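Chemist: 3D, please:
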Amino acid sequence: MRRVSIRAAMVFFTSCAAFAQTTAGTPSFEVATIKPAAPPATSMGPGGGMRIAMRMGARGGPGTADPGQITYSGMPMKDLLVNAYGVKTYQVSGPSWMDTERFDIVAKVPPGASKDDVKLMLQNLLAERFKLTLHREKKDLPMYALVVAKNGPKMKESPPDDPDAKDDSAPLDPAAAAANRQKAIESAMRAMGRGGDMPQLPPGAGRGTSMMMMNGRARMTSPKQTMAQFAEWLVRQLDRPVVDQTGLTKKYDLALDYAPESVGGRGPMGGMLPPPPPGGEGGAPAEPDAQAAPSLFSALQEQLGLRLEQKKGPVDMLVVDRLEKTPTEN
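Modeler: Okay, here's the model as predicted:
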């Protein structure tokens, strides 16, 4: 069976601030065009492997270098709802096509609009063009508790901040950030072509958590992270609520290597969500390939000394009552 390597470069942006109407009347984009997103670009790499590249996310709008225009590229409908209502993907219930049908939206933002205004504008755009109606309700859903494994944590505690060090917490300007991301992608592609190890992101390629994927493996690196922040990262991978119950209060430099296809929900590579190892301690099934990356659940325990316990609890939901698959004309 020919081995297929899937290489993906994704840029995600999700705004989760609460919204409030701050202008008179109903906030609306001045102009907005909507069209179905083009399929991901594919090409054949060395050895016949398939390369897939997809850009998905939002750019521009209030608080950016281009406040007068916001562009949503390749966004699944569910992600548009997440942006519009400030919720998590697992809080949106509706037709299955919301995960697969992607759209490109270019919208002109009125002068002086805030990020909260843009949320309301997107809500109204979805209602007008996709005939969206929805309601809120509470449901009991499966969730996870992040806890310390039996033998204790294995994470590296972050060193204290140097008061004399140069402050590099400010974000890079857009051109520099884009250039560094491109360097990271090119580095990964070269390593893939050589069949080499997972490359490290170059300095400045991203702030906070960084992700690289190649040859069925994923590497997450995240400096100076609290356990609450790490639990939030796990939420995005598992598409389930994750509650921090580790009791750990310090910051840690985290690194995690795992198989992205083992992640369920709407993680980088999708797939069915496997349960944690029986009892949460040991008992993980042997990997079929000695070179294969461990599942996310196994990697958490083996590399970080953490585990996930299955639970169930109430979650506030957005339930879609009506949503047209094809928008009205621009």
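
Chemist: Residue 212 reaches residue 218, doesn't it?
Modeler: Yes - counting by C-beta atoms under 8 Å, residue 218 is a contact partner of residue 212 at 7.1 Å. C-beta coordinates here come from the backbone N, C-alpha and C atoms, glycine included.

Chemist: Among those two, which residue is more densely surrounded?
Modeler: Using other C-beta atoms under 10 Å as the criterion, residue 212 and residue 218 rank with residue 218 on top: 24 against 21.

Chemist: do you know how far that one is from residue 232?
Modeler: Counting by C-beta to C-beta, to the nearest Å, the separation of residue 218 from residue 232 is 17 Å.

Chemist: Also residue 111?
Modeler: Plainly put, residue 111 is 33 Å away from residue 232 if you go by C-beta to C-beta.

Chemist: And the two? Which one has more around it.
Modeler: residue 232 (16 against 7).

Chemist: Got the domain ranges for this protein?
Modeler: Following the assignment in automatic domain parsing, the chain carries domains at 31-130, 142-169+207-315.

Chemist: Would you mind checking which of those scores lowest on average pLDDT?
Modeler: The weakest mean pLDDT among the domains of the chain belongs to domain 142-169+207-315, with a mean of 78.

Chemist: And that one, end to end?
Modeler: Domain 142-169+207-315 has its terminal residues 9 Å apart, counting by C-alpha to C-alpha, to the nearest Å.

Chemist: ditto for stretch 138-157
Modeler: One end of stretch 138-157 sits 38 Å from the other (C-alpha to C-alpha).

Chemist: Quick check: buried residues in that stretch?
Modeler: Under the neighbour-count criterion of 16 or more other C-beta atoms under 10 Å, stretch 138-157 has 141, 143, 144, 145, 146, 147, 148, 149, 153, 155 buried.

Chemist: Out of these, which is nearest to residue 97?
Modeler: Of all these, residue 141 has the smallest distance to residue 97: 21.0 Å, by C-beta to C-beta.

Chemist: Contacts for the helix or strand containing the closest one next, please.
Modeler: Taking DSSP states H and E as the definition, residue 141 sits inside strand 133-148. Strand 133-148 has contacts (C-beta atoms under 8 Å, 6 or more residues apart in numbering) with 90, 93-94, 127, 227, 230-231, 234, 238, 240-248, 276, 280, 305-323.

Chemist: filter the residues you listed to the buried ones?
Modeler: The neighbour-count test (16+ other C-beta under 10 Å) marks 90, 94, 127, 227, 230-231, 234, 238, 240-244, 246, 248, 276, 280, 305-308, 315, 317-318, 320, 323 as buried among those.

Chemist: In strands, which of these appear?
Modeler: Cross-referencing the buried ones among the contacts of strand 133-148 against strands under DSSP state E gives 242, 243, 244, 306, 307, 308, 315, 317, 318, 320.

Chemist: The third one pairs with what?
Modeler: Here residue 244 shows beta-bridge partners residue 146, assigned using DSSP bridges.

Chemist: what separates it from residue 141, distance-wise?
Modeler: Residue 244 sits 17 Å away from residue 141, taking C-beta to C-beta as the criterion.

Chemist: Next: the fourth one.
Modeler: Using C-beta to C-beta, one obtains 21 Å as the distance from residue 306 to residue 141.

Chemist: hang on, isn't residue 74 packed against residue 105?
Modeler: No - counting by C-beta under 8 Å, residue 74 stays clear of residue 105, with 10.2 Å between them.

Chemist: Find the nearest non-adjacent residue to residue 152, please.
Modeler: residue 305 (5.6 Å; C-beta to C-beta, 6 or more residues apart in numbering).

Chemist: which residues of the protein fall in strands?
Modeler: Under DSSP E, the chain gives strands at 31-36, 41-44, 50-53, 57-60, 69-76, 92-93, 102-108, 133-148, 156-157, 210-214, 217-225, 242-244, 252-258, 306-322.

Chemist: Residue 294: which of the ones you listed is closest?
Modeler: When these are compared by C-beta to C-beta, strand 252-258 sits nearest residue 294, at 5.8 Å.

Chemist: tilt between that closest one and strand 217-225?
Modeler: Note on geometry: by axes from the mean of the first three to the mean of the last three C-alpha atoms, to 10 degrees, strand 252-258 and strand 217-225 are set 170 degrees apart in direction.

Chemist: for strand 252-258, packing partners?
Modeler: On a contact count with 3 or more C-beta pairs under 8 Å, 6 or more residues apart in numbering; DSSP states H and E, strand 252-258 meets strand 156-157, strand 217-225, helix 227-238, helix 296-299.
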